[in-house]
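**Student:** Just to be clear, the model below is a prediction. Sequence and coordinates:
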Amino acid sequence: MSAGLTFEVFTLFPAAIESFLAGGLIGKALTQELVAVHCTDYRDFTHDRHRTVDDTPYGGGAGMVIKIEPVVAALEAVTEERGPMHRILVTPSAPRFDQRAAERLAKLPRIGLLCGRYEGIDDRVRESYVDECLSIGDFVLNGGEVAALTIIEAVARLREGVLGNPDSVVGESFTLADHGPWLEHPHYTRPVAYRGHEVPKVLMSGDHRAIGQWRAEEACRRTWALRPDLRPRQSVGERLACVAILPGQAQDVLGDLLRCLRQKTDLPLAVICKRGAVEGAELVELRARDLKELRRRVRRSRQQAPQVVALVDGRSGPGCVDEPSLLLDLLEIRAGEEGGRPLVLLVSLGEELPQGVDAVFAPLSSSPLQEGLELAQSAQMIESSQPKTATGVATLVAAAIRRLRHPQSP
Ligand code: 6GU
């Protein structure tokens, strides 16, 4: 019986590949013939007494380059013997291999992985004999073998039957959910308390809805906190949704702020506000206690007005939204959905800068804490200056929106 997925690894160190793969679940999958891995040594395709695979680089410089002849001869011999394959050159000078790539490759029947050593393989191999190039990260290894093993393991475990429990793949870090890759929620097992370190209580509640909700929130919180680069960051489209988080008292200046914003941007503005009338704004009375409700209201108002500025009571009072990152996530517009992601502007700094805020604007009246500002600066804020007036805030907001819409312009 032929395996569902075959890797052909081209390397100077076949033993390193084979010995690693013999263990663990991949080893088991090899035995069960769910996956096959063949290794081919470039050296077997040399014709001189010393079995020479490398030579000095044209143009000079340090190091050696793997010659094109043994590489192409190996590729052709394997293709002849076992059939064509999707050819991948593993090299640090390439697009990054990630879970999305793993999912794509897991659909193929035969994958060739070409490993280099030394300074790499004669570039004519990349130019004319492979289908794509992949790197496993922004660092340099001595050769492509560890990278090839990384790719084999990440791809093979996605194939049916390779993992003992197929549910293990669901909900993992980087598995593509609706709106992108997320880090995984935390896991705990017995004992419930270890040297005073306790397991979150909700996990013992038996309330599966609450547990699911908690896990989703933790996954989202972690992603925002630890990997801001994974935040969905498609460019802000013409239909921009903009979320500003204002403290209760700042609502006094909303009217001014909106008037100024109208003069400075072409955004049709709608306002989602916890309470209180804001002159000149389309107002949605909102109790922010229920974030799902908030999301629905934002979505609905997005359909009516192309752009939405949601002004949400940020900090104080009942029903306040004290987790802007969560709020943002819950408001998240799915990747590809028209309009891009909402822009979160924090118009007041509390003691702590919330994750997931794109722009910070200091409060109009009270002065922000110094640490807050420092945080804002270190978190690649678009803006962290302290405008004194509504016009000042509006100018900053308008500039931030412009920059997000046209990231290329200065
Ligand atoms: Cl694919 N090869 C080597 N030699 N170094 C790397 C790599 C590959 N990916 C990251 N570093």
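**Tutor:** Arrived safely, thanks for sending. Numbers count the residues shown, from 1 in each chain.
**Student:** rest of the way, CA atoms for contacts and neighbours
**Tutor:** Will do.
**Student:** Spit out the contact partners of Ile151.
**Tutor:** Listed by Cα atoms under 8 Å, 6 or more residues apart in numbering, the contact set of Ile151 reads 97, 102.
**Student:** In contact with Pro14: list those residues for me.
**Tutor:** Pro14 makes contact with 39-41, according to Cα under 8 Å, 6+ apart.
**Student:** One more: Arg222?
**Tutor:** 183-185.
**Student:** cool, Ala106 as well?
**Tutor:** Taking Cα under 8 Å, 6+ apart as the test, what Ala106 contacts is 5, 155-156, 158-159.
**Student:** ranking the contacts of Pro14 by neighbours, who comes first?
**Tutor:** When neighbours are counted by other Cα atoms under 10 Å, Thr40 leads the contacts of Pro14 with 21 neighbours.
**Student:** Near the ligand, which residues of the stretch 1-150 of the chain are found?
**Tutor:** 90-92, 134-144, 147 (Cα under 6 Å from any ligand atom).
**Student:** Strands - which of the residues you listed land there?
**Tutor:** Using DSSP state E, the members of those that fall within strands are 90, 134.
**Student:** So what's the residue count around the closest residue to Pro70 other than its chain neighbours?
**Tutor:** Nearest non-adjacent residue to Pro70, counting by Cα to Cα, 6 or more residues apart in numbering: Phe45, 4.9 Å away. Phe45 has 19 neighbours, counted by other Cα under 10 Å.
**Student:** Tell me who's in contact with Gln213.
**Tutor:** Contact criterion Cα under 8 Å, 6+ apart gives no residues in contact with Gln213.
**Student:** Give the helix, strand or coil label for it.
**Tutor:** helix (DSSP: H, G, I helix; E, B strand; the rest coil).
**Student:** separation between it and Asp167?
**Tutor:** Distance, Gln213 to Asp167, by Cα to Cα, to the nearest Å: 18 Å.
**Student:** Turn the contacts of Arg222 into a markdown table, including distance to Pro191 and secondary structure.
**Tutor:** Compiled in a markdown table, the contacts of Arg222 are given as follows (distance: Cα to Cα, whole Å; DSSP: H, G, I helix; E, B strand; the rest coil):
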| residue | distance to Pro191 | secondary structure |
| --- | --- | --- |
| Leu183 | 24 | coil |
| Glu184 | 21 | coil |
| His185 | 19 | coil |
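**Student:** If you rank these by neighbours, which is first?
**Tutor:** Most surrounded of these: other Cα under 10 Å gives Leu183, at 20 neighbours.
**Student:** That residue and Gly27, how far apart?
**Tutor:** As judged by Cα to Cα, Leu183 and Gly27 stand 27 Å apart.
**Student:** pLDDT score assigned to the residue in the stretch 151-300 of the chain positioned nearest to the ligand?
**Tutor:** Closest to the ligand within the stretch 151-300 of the chain is Ile151: 9.2 Å, counting by Cα to the nearest ligand atom. For Ile151, the pLDDT comes out at 98.
**Student:** Tell me which two of the contacts of Ala106 sit farthest apart.
**Tutor:** With distances taken as Cα to Cα, the most widely separated pair in the contacts of Ala106 is Leu5 and Leu158, at 10.8 Å.
**Student:** just to revisit the earlier point, filter the residues of the stretch 1-150 of the chain next to the ligand down to the buried ones, PyMOL style.
**Tutor:** Applying 16 or more other Cα atoms under 10 Å to those leaves a buried subset, and the PyMOL line that selects it is:
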select buried, resi 90+91+92+134+135+136+137+143+144+147
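**Student:** out of the residues of the stretch 1-150 of the chain next to the ligand, which are inside helices?
**Tutor:** Using DSSP state H, the subset of these located in helices is Ala147.
**Student:** among the residues of the stretch 1-150 of the chain next to the ligand, which two are most distant?
**Tutor:** Farthest apart among these by Cα to Cα are Leu134 and Asn142. That separation is 15.5 Å.
**Student:** on that earlier part again, and the residue of the stretch 151-300 of the chain closest to the ligand, what helix or strand is that in?
**Tutor:** Using DSSP states H and E, the element containing Ile151 is helix 145-156.
**Student:** Ala74 is in contact with Val53, isn't it?
**Tutor:** No: at 11.7 Å, Ala74 does not count as touching Val53 under the criterion of Cα atoms under 8 Å.
**Student:** and for these two, which residues touch both?
**Tutor:** Residues within reach of Ala74 and of Val53 at once, by Cα under 8 Å, 6+ apart, are Tyr42.
**Student:** Tell me if Val78 really is in a helix.
**Tutor:** Yes: under three-state DSSP, Val78 sits within a helix.
**Student:** residues near it, how many?
**Tutor:** Val78: 19 surrounding residues under other Cα under 10 Å.
**Student:** Now for it: which residues touch it?
**Tutor:** Listed by Cα under 8 Å, 6+ apart, Val78 has no contact partners.
**Student:** Could you number the chain from 13 rather than 1 from now on?
**Tutor:** Will do, 13 is the new start, and the previous item becomes Val90.
**Student:** Many thanks, I have nothing further to ask.
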